[in-house]
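S.K.: this is the structure alone, sequence omitted:
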Ligand code: ADP
Ligand code: MG
């Protein structure tokens, strides 16, 4: 798969993502207030937080889908200064519930990821089709290319969404709950593929996840959002604490050490 470099090489030490004092209001309601976030090149950062905390909104802002003047810098370039095509070569997003175009095959859908490499009014090349087949193979989807997307199971479709983002060849992946529709085996498969690509191709990952144990096993660092603000940030053991989860999720959990990070076990609350 071709991973063409961004138009300019950023200076060494420049973070992949830098968010400073991000405010987002939607429909007149403040959704994010004063959010700071840094993701180093090659790092995997996972944003957690209860429903409605603003996780998807934060990823949409970083992906350039919301106006965010000055607050967001990608690989040293202010996000607002990036043209659409240039941005697509840098950032690939898997939305929480992507739109499924009716009648579209898996191959054609994943080929959409190659759009930034196909000349305007041009057609995809053999290299584009090869890149798509390579990614389909990596995600255990070989043989699915002719299937209509709408006929796939939720988990198969989720892997196709990820395939489209990987085929895009961007160096920064934004994954909004990439595993929520998957069974436990495919959750691990998808996260392992992403981690392998991260190690082999230097990808940077900014994700949101609801499974806190899985989140902690794969993330280098975590950020907890609640009511549109960062309430904790640090390594998984620093963020996945019984106290923080009780305060911000109103959850009763036990946190036990695991080989790759803390494991969060829901425990039925005792009656008073
Ligand atoms: P999360 O992904 O953490 O569950 P979201 O970022 O999707 O949270 O949403 C954060 C808050 O913003 C929610 O309260 C949601 O209802 C609200 N919200 C999202 N989109 C809009 C919109 N277009 N207009 C008004 N409010 C919105
Ligand atoms: Mg969300």
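M.R.: Thanks, I have the structure now. Please read these numbers as outputs of a predicted model, since none were measured by experiment. Ligands and ions are numbered 1, 2, ... in the order given.
S.K.: any stretches of this protein with poor pLDDT?
M.R.: 1-9, 68-69 (pLDDT under 70).
S.K.: pick out the residue nearest the middle of it.
M.R.: residue 175 (1.6 Å; CA atoms, centre = their mean).
S.K.: please list the residues of the stretch 1-150 of the chain that sit near ligand 2.
M.R.: By CB under 5 Å from the ion, the residues of the stretch 1-150 of the chain that approach ligand 2 are 55, 56, 96. For the C-beta atoms, the positions are set from N, CA and C on the backbone; glycine is no exception.
S.K.: count the neighbours of the first one for me.
M.R.: By the criterion of other CB atoms under 10 Å, residue 55 has 25 neighbours.
S.K.: and for the second one?
M.R.: Here the count is done by other CB under 10 Å, and residue 56 has 18 residues near it.
S.K.: I'd like the residues of the stretch 1-150 of the chain next to ligand 2 as a markdown table, with secondary structure and distance to residue 196 appended.
M.R.: Formatted as a markdown table, these follow (DSSP: H, G, I helix; E, B strand; the rest coil; distance: CB to CB, whole Å):
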| residue | secondary structure | distance to residue 196 |
| --- | --- | --- |
| 55 | helix | 25 |
| 56 | helix | 26 |
| 96 | coil | 23 |
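S.K.: follow-up on the earlier one: do I have it right that the residue nearest to the centre of the chain meets residue 194?
M.R.: Yes. Counting by CB atoms under 8 Å, residue 175 touches residue 194, with 7.2 Å between them.
S.K.: quickly list what's touching both of the two.
M.R.: 162, 205 (CB atoms under 8 Å, 6 or more residues apart in numbering).
S.K.: can you show me the helices along the stretch 1-150 of the chain?
M.R.: 55-62, 84-90, 106-111, 126-138 (DSSP state H, counting those that start in this stretch).
S.K.: can I get those in TSV with distance to residue 162?
M.R.: Output for those, formatted as TSV (distance: least, CB to CB, whole Å):
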stretch	distance to residue 162
helix 55-62	14
helix 84-90	16
helix 106-111	10
helix 126-138	9
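S.K.: to residue 26, which of those lies closest?
M.R.: helix 55-62 (7.1 Å; CB to CB).
S.K.: list the buried residues of that closest one.
M.R.: Of all the residues in helix 55-62, those buried under the rule 16 or more other CB atoms under 10 Å are 55, 56, 57, 58, 59, 60, 61, 62.
S.K.: what is the burial count for the residue lying closest to residue 34 once chain neighbours are set aside?
M.R.: Excluding its sequence neighbours, the residue lying closest to residue 34 (CB to CB, 6 or more residues apart in numbering) is residue 21, at 5.3 Å. By other CB under 10 Å, the residues close to residue 21 number 11.
S.K.: got the contact list for residue 21?
M.R.: Applying CB under 8 Å, 6+ apart, the residues near residue 21 are 34, 35, 36, 71.
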